[in-house]
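Chemist: let's see this in three dimensions:
(one chain, ligands or ions: 2)
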Amino acid sequence: MPANLTPQYLEADRRFKAAKTIEEKVAALEEMLSLIPKHKGTEHLQGDLKRRLAKLRAEAEQARRRRGGFSTSVDREGAGQVVLVGPPNAGKSSLVACLTKAQSEVGDYPFTTRRPIAGMMQFVNIQIQLVDLPAVSDEYMEPWVPSLVRPADLALLIADLASPSVLEDLEKVIAILDRRKVALVSPGSPPPPTGWAHVPTLLLANKADTASAETVLEILRSEYRSRFPVHAVSAQTGRGLEPLRRTIYDGLCIVRVYSKPPGKEPSMQSPVVLPRGSTIVEMAAAIHKDFARQLKYARVWGGTKFSGQRVQQDYVVQEGDVIELHI
Ligand SMILES: Nc1nc2c(ncn2[C@@H]2O[C@H](COP(=O)(O)OP(=O)(O)OP(=O)(O)O)[C@@H](O)[C@H]2O)c(=O)[nH]1
Ligand SMILES: [Mg+2]
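Modeler: Residues are numbered from 1 along each chain as shown. Ligands and ions are numbered 1, 2, ... in the order given. Here you go, the predicted model:
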């Protein structure tokens, strides 16, 4: 046993050994992997954990197929992955159906959604992946839901303005995820401590069309304003949904830049999407892995400052920049 494994790691290890279902084992192993100190002395153990995790995930997948089931993981697609989380019946599936072409079943009873449903939301010239999830509730929850929230780039926490227990329901959602070391945080929060995931979150107050929605919305705003940005929406009337596309885009903290071959026009229909704060070198690497190394210089058109000027390799690209890479 290599030295300096933390008490948190040993606790996750204990949970792994006590786990009864494959899902519990996978959750414990994921946590062990995130908690293990990353250095030479633990390389062997890290490899071992990864192998066990891959094997268990494959087993879980097979077991689900045997049950005529479905996959409980979602492959990332598009410019970012956004999960919808919330109490039963809040309108998560309705919102995904409004914003994407995905057909997620909508029901007027709780726990309608039993599997993740991914759809692509168009925002101007890019696609953003929205993932509808089953409800988070202490009455019942599909055990794999927190592990799909964990890797997301952004969470939409859905509140039901028509529910008399809206505040309690939200607190429960936050607490249940917290127990699985997944914290819903305001965008731009500092990075999480080891073993935790911090998922930037927007609070969507849905069913803004219903009778006492405005009053409930005010209460919700005063409770949550300091924790998350709050937006009123209605899947029924469409209120707030068009501006929401940009709000989601902004929440992802990404920029769109346009590559221009020397002497040609840029293709404004297919931006290169990068994390905010990326440099020209990172942009080059995103286009082709050899480009970063081969990059001689770049010219930039953008904003009021640049109209084809040469920039240094450490130039931080800005939303809308047109960039000519010279290799
Ligand atoms: N009035 C009103 N009803 C809505 C709105 N959005 C959803 N609903 C209704 O609320 C009910 C639940 O909607 P769903 O989209 O299935 O909710 P969900 O959060 O996916 O529910 P689960 O999958 O069971 O957790 C349905 O009867 C919807 O028609 C809305 O904006 N306004
Ligand atoms: Mg649903």
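
Chemist: the residue located most distally from the centre of the chain is in what secondary structure piece?
Modeler: If you look at how far each residue of the chain sits from its centre, by C-alpha atoms, centre = their mean, the farthest one is residue 263, at 38.1 Å. Here residue 263 is covered by no helix or strand, with elements defined by DSSP states H and E.

Chemist: from residue 299, how far off is it?
Modeler: The gap separating residue 263 from residue 299 is 11 Å, by C-beta to C-beta, to the nearest Å. No exception for glycine: its C-beta is placed from N, CA and C like everyone else's.

Chemist: check residue 222 too.
Modeler: Taking C-beta to C-beta, one finds residue 222 at 50 Å from residue 299.

Chemist: the two: which is more packed in?
Modeler: residue 299 (17 against 10; other C-beta atoms under 10 Å).

Chemist: tell me what the more buried one is bridged to.
Modeler: residue 310, residue 324 (DSSP bridges).

Chemist: leaving out the residues flanking it, which one is nearest to the residue positioned nearest the centre of the chain?
Modeler: Note on the chain: the residue nearest the mean C-alpha position is residue 152, at 2.2 Å, using C-alpha atoms, centre = their mean. In this structure, residue 152 finds its nearest non-sequential neighbour in residue 83, 4.3 Å apart by C-beta to C-beta, 6 or more residues apart in numbering.

Chemist: element containing the one you found?
Modeler: In this structure, residue 83 sits in strand 81-85 according to DSSP H and E.

Chemist: C-terminal to that strand, what's the next element?
Modeler: In N-to-C order, the element after strand 81-85 by DSSP H and E is helix 92-99.

Chemist: what's that following helix in contact with?
Modeler: Outside helix 92-99, the residues that touch it by C-beta atoms under 8 Å, 6 or more residues apart in numbering are 84-86, 102-106, 112-113, 117, 119, 121, 130, 132-133, 135, 156, 158, 204, 206, 233, 235-236, 238, 241, 244-245.

Chemist: let's see that with 7 Å instead.
Modeler: The contact list for helix 92-99 (C-beta atoms under 7 Å, 6 or more residues apart in numbering) reads 84, 86, 102-106, 112-113, 117, 119, 121, 130, 132-133, 158, 206, 235, 238, 241.

Chemist: where do the helices of the protein begin and end?
Modeler: Assigned helices in the chain, in chain order: 7-18, 22-35, 43-66, 92-99, 145-149, 166-179, 213-224, 241-251, 280-287, 291-294 (criterion: DSSP state H).

Chemist: right, I'll call it a day here.
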